[in-house]
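Asks: structure of the sequence below:
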Amino acid sequence: MKTLFISDLDGTLLQPNVELSDTTVRIINEMAAKGVNFTIATARTIATVLPILRNVHMNRPIIIMNGVCIYDLEKKRYINVEAIDKENSARLLSIIVQNKLKGFAYTLSDGVMSTYYEELNSRTLIKFYEERVRLYKKPFIQIDDFRLLTREPLIFFSLMDKKENLDKVYPIIKALPDLNCTMYKDNYTPDNWYFEIFSKAASKYHGVRYLKEYLKAKEVVCFGDNLNDLPLFEASDYRIAVANAVDELKLKADEVIGSNTEDGVALWLKSNALKWT
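Replies: Numbers count the residues shown, from 1 in each chain. Okay, the predicted model is just below:
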């Protein structure tokens, strides 16, 4: 394989209604039929990604949860998972509980992912929960204390709050040597930020490097819009930002194209992808 094209989803490939436009679906499927190797790298889980991609002929494994997992759509299984070790899981969950932070904890056991929460004490958490139950039938499990998950195979933790609140705990968690984390603004809810924590061995950077080796690709062309796409850019050979991307990403880009609402990624693929293959 010569070139692998990898796109972020939210704010990059998806429309503001959290769906793929008919134009984007049609072009991606046309490119796949012509031998273009295209996949995605997203912070989302497989439970929400599968419905979004239901009409797309995705011909390569996908990077989910910011690189924590690589999922093979054809084989319907995870081909790589980077879990947090039990010692760091205990430290992380203790910090989250002690600081009275709320969010969602993700575990993966025997190929089955579970999502836990203590309480939904903000409009942001309620919206996140209700949207995923309504649109994707995603199951959630309520528990009394996150520390009950200390012995579970924890792979990911997502906190949601205003930036100033997350800033207080960010340096504490960032200082833990065996954990990785990313913080970025929500594409859909004003004033809300995501703070996501996972294994040091996981990131969009690691996900791209894994897929590049797994698929024997000579080069990677990527598309992104937000701060959590910086590792994606770092791991790629050619970097493309959509017009609506944050300035930090545009400064790292080799090219800036049309926005997500203008089908920027799909139209670029239509005009350029075959020249790279």
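Asks: going forward, measure contacts and count neighbours with C-alpha atoms only.
Replies: OK.
Asks: not counting sequence-adjacent ones, nearest residue to the most centrally placed residue in the chain?
Replies: With distances taken as CA atoms, centre = their mean, A43 lies nearest the centre of the chain, 1.5 Å away. Spatial nearest neighbour of A43, excluding adjacent residues (CA to CA, 6 or more residues apart in numbering): M65 at 4.0 Å.
Asks: if I look at E234, how far off is S122?
Replies: Distance, E234 to S122, using CA to CA, to the nearest Å: 34 Å.
Asks: of those two, who's got more company?
Replies: The residue with more neighbours, out of E234 and S122, is E234; 15 against 12, by other CA atoms under 10 Å.
Asks: so the more buried one sits against G207, correct?
Replies: No - applying CA atoms under 8 Å as the test, E234 and G207 come out as separate, 11.5 Å apart.
Asks: what's the average pLDDT for stretch 168-182?
Replies: The pLDDT scores in stretch 168-182 average 91.
Asks: tell me the buried residues in it?
Replies: Neighbour-count burial for stretch 168-182 flags 170, 173, 179-182 (criterion: 16 or more other CA atoms under 10 Å).
Asks: among those residues, which one lies nearest to Y129?
Replies: T182 (20.7 Å; CA to CA).
Asks: that closest one and E196: what is the separation?
Replies: 5 Å.
Asks: on that earlier part again, kindly state the pLDDT recorded for the residue nearest to the centre of the chain?
Replies: 91.
Asks: for L249, see how far away L101 is.
Replies: Going from L101 to L249 by CA to CA gives 29 Å.
Asks: do the same with D22
Replies: According to CA to CA, D22 stands 27 Å off from L249.
Asks: equivalent analysis for Y117, please.
Replies: 32 Å.
Asks: how about I62?
Replies: Applying CA to CA, the value for I62 to L249 is 22 Å.
Asks: these two: who's more crowded?
Replies: Per other CA under 10 Å, whichever of I62 and L249 has more neighbours is I62, with 26 against 21.
Asks: any idea how far Y210 is from the more buried one?
Replies: I62 sits 11 Å away from Y210, going by CA to CA.
Asks: likewise Y78?
Replies: Distance from Y78 to Y210, by CA to CA: 13 Å.
Asks: equivalent analysis for Q15, please.
Replies: Plainly put, Q15 is 28 Å away from Y210 if you go by CA to CA.
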